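1. mind looking at a prediction? Sequence and model below.
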Amino acid sequence: MPLSARCAATLLLAAWCVAAAGIAAAVTAAAAGSDNTWTPAGAFVEKLNSPVFALTVDPADGRRLLAGTASGTIYLSSDGGASWKPVRSGAGHAVLALAFDPGRPGALLAGTRGGGILRSADGGTSWQDQPGGEARTVRAFAFVSGAALAASDEGVLRSRDGGPWSSAGLPQVRVSALAVLPAGGPVVAGGDATRGTEPLPLFSSKDGGQNWAPMPVTGPGGVVGGSSMVAALAGGPPAGPAARGLLMGTNTGLFTSRDGGASWQQLTGGGAVPATDVSSVVVAPRRADRLYVASDGGGSANGGLWVSRDAGAHFASLAPPLPEVTAVAVSTDDPPVLAVATFRPADHTVALWTYHDAGGQPHGPAAPPQSSERAAGGTSASPADAGALGWLAALTRPEAPFLALGAAALALVLLAAVAYMRRGRQL
């Protein structure tokens, strides 16, 4: 082979190796995510001007995310939030809750405002209305002893084996939160309003939600923290030096009880968590001592997202790009990946983010979020517009530099191939 031909062939091989290395690095970066860095998620194919309250992560696949919007549309992402497709069209009833049934692989429930409960048996790809909860507002789910429980505006609803829903008590309470305590503990229900005389709408059931009794919430200073409503509940780790039996988020802060509600302690983590309204309390599925606490600020500047890695003894801020956090979902990965929704009331900016919590100092995104109206051009975005927005968001993702390197190397491969063929024809 002539020397010039060998040089061209060598150049072609080298360029191909660079391209392959760039693409492999991009795949690795995309799979691993950028540790401790806030990454904007892709755009929805609709204008958003109301908060997103419903997020969940598939326990079998941390890259499958689902989100529900105020229009009643449910979106599915199969690539960790980089892109979304609608799997259920808006029906005018906002989606307020999404939850996978841990006892039935692929089963998923959605709670709506005034539209009852939806169910999916295929991981969120298709949805059906469920009987028994018509016209109810449902904001949370819990699962115990083969039954699903739903927090509704007229008490607790129960469904067995995916069947119809029926009343399970507390009809006087507008139930907003449910939790099942670990190690065979009771089911706990909390509300943000009641027609009863309870000082704080908080109840427990020792028989899976069939009978309920008020839980004590008073102390020397009156009702716990001066709270008037319960917004979030979670069961903490069952054992260990920092075990927390029950976590409760209220309109005045985060509280815990180790003795079934007989006594309460406010969790501030050394002052890191302010005494403000709590919108979410989530325990990492594979790390029971890791807690995430979110607040939308309740009209104040005290919103944010905090993490505790020792079951609540200490907290640190994760410094979300916008402080008004309206929803949080945590994957089963270890370290976990968070899906987070934020809402800025001043201009109705709705944004979704992902965050790979590897325990380091949090880093902000490359660019601030646009308001939803600007992002959608003031109207519902077309698929082409949404695709363009998705590409813009992709430019800020951690794999972007490697993809650019791979694309440049592929272009070099093509040029080298053309030069080689031309040289061959001349010989």
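-> Now that the structure is in, tell me what you want to look at. Numbers count the residues shown, from 1 in each chain.

2. for this protein, what spans make up the helices?
-> 3-32, 372-375, 383-394, 400-426 (DSSP state H).

3. weakest of these in terms of mean pLDDT?
-> Among those, helix 383-394 carries the lowest mean pLDDT, at a mean of 41.

4. give me the buried positions along stretch 118-136.
-> Of the residues in stretch 118-136, 118-121, 123-124, 127, 130, 132-133, 136 count as buried by neighbour count, 16 or more other CB atoms under 10 Å. Backbone N, C-alpha and C define where each C-beta goes, glycine included.

5. distance between the ends of stretch 61-78?
-> Taking CA to CA, to the nearest Å as the measure, stretch 61-78 stretches 9 Å from start to finish.

6. and what of stretch 162-176?
-> 22 Å.

7. now that stretch: buried residues?
-> 165, 168-170, 173-176.

8. now those residues as a markdown table including pLDDT?
-> Converted to a markdown table, these look like this (pLDDT from 0 to 100):
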| residue | pLDDT |
| --- | --- |
| Trp165 | 97 |
| Ala168 | 95 |
| Gly169 | 94 |
| Leu170 | 96 |
| Val173 | 96 |
| Arg174 | 97 |
| Val175 | 97 |
| Ser176 | 97 |
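
9. do you know the pLDDT at Thr256?
-> So Thr256 comes in at 90 (pLDDT).

10. what is it paired to in the beta sheet?
-> Leu247, Gln265 (DSSP bridges).

11. got a list of what it touches?
-> Each residue near Thr256 by CB atoms under 8 Å, 6 or more residues apart in numbering is listed here: 236, 244-248, 264-265, 267, 312.

12. any idea how far Gly249 is from it?
-> 10 Å (CB to CB, to the nearest Å).

13. okay, now Gly208: neighbour count?
-> Gly208: 16 surrounding residues under other CB atoms under 10 Å.

14. surely it is in contact with Phe143?
-> No - in this structure Gly208 lies outside contact range of Phe143 using CB atoms under 8 Å: 10.2 Å.

15. quick revisit: out of the contacts of Thr256, who's the most crowded?
-> Most surrounded of these: other CB under 10 Å gives Met248, at 30 neighbours.

16. how much space separates the residue lying closest to that one once chain neighbours are set aside from Pro336?
-> Excluding the flanking residues, the one nearest Met248 by CB to CB, 6 or more residues apart in numbering is Phe255, at 4.8 Å. Per CB to CB, Phe255 is found 24 Å from Pro336.

17. gap between the two ends of stretch 287-303?
-> Termini of stretch 287-303 sit 24 Å apart (CA to CA).

18. ok, stretch 124-135 next?
-> By CA to CA, one end of stretch 124-135 lies 22 Å from the other end.

19. average pLDDT for it?
-> 95.

20. show residues contacting that stretch.
-> 58, 64, 66, 74, 76, 87-88, 108, 110, 114-120, 150, 152, 157, 159, 164-166.

21. contacting residues around Trp264?
-> Applying CB under 8 Å, 6+ apart, the residues near Trp264 are 217, 219, 224, 248, 255-257.

22. neighbour-wise, which one of those leads?
-> Met248 leads the contacts of Trp264 on contacts (other CB under 10 Å) with 30 neighbours.

23. tell me the pLDDT of Gly221.
-> 65.

24. quick check: domain ranges of the chain?
-> 10-33+403-427, 35-49+277-397 (automatic domain parsing).

25. would you check how far apart the closest residue to Gly249 other than its chain neighbours and Met248 are?
-> Distance criterion CB to CB, 6+ apart; nearest residue to Gly249, sequence neighbours excluded, is Val278 at 2.8 Å. With distances taken as CB to CB, Val278 is found 8 Å from Met248.

26. could you check how far Ser257 is from Val224?
-> 9 Å.

27. overlap in contacts, those two.
-> Common neighbours of Ser257 and Val224 (CB under 8 Å, 6+ apart) are 248, 264.

28. what about stretch 291-303, how long is it end to end?
-> End residues of stretch 291-303 are separated by 16 Å (CA to CA).

29. I misspoke; the intended subject was stretch 65-80.
-> 7 Å.

30. so, low pLDDT: which residues of the stretch 251-400 of the chain?
-> 367-400 (pLDDT under 70).

31. could you report the neighbour count for the nearest residue to Asp277 once chain neighbours are set aside?
-> Distances taken as CB to CB, 6+ apart place Gly298 nearest to Asp277, at 3.9 Å, with adjacent residues excluded. Neighbourhood size, Gly298 [other CB under 10 Å]: 15.

32. same question, Lys206
-> What Lys206 shows, counting by other CB under 10 Å, is a neighbour count of 14.

33. perfect, I'm done here.
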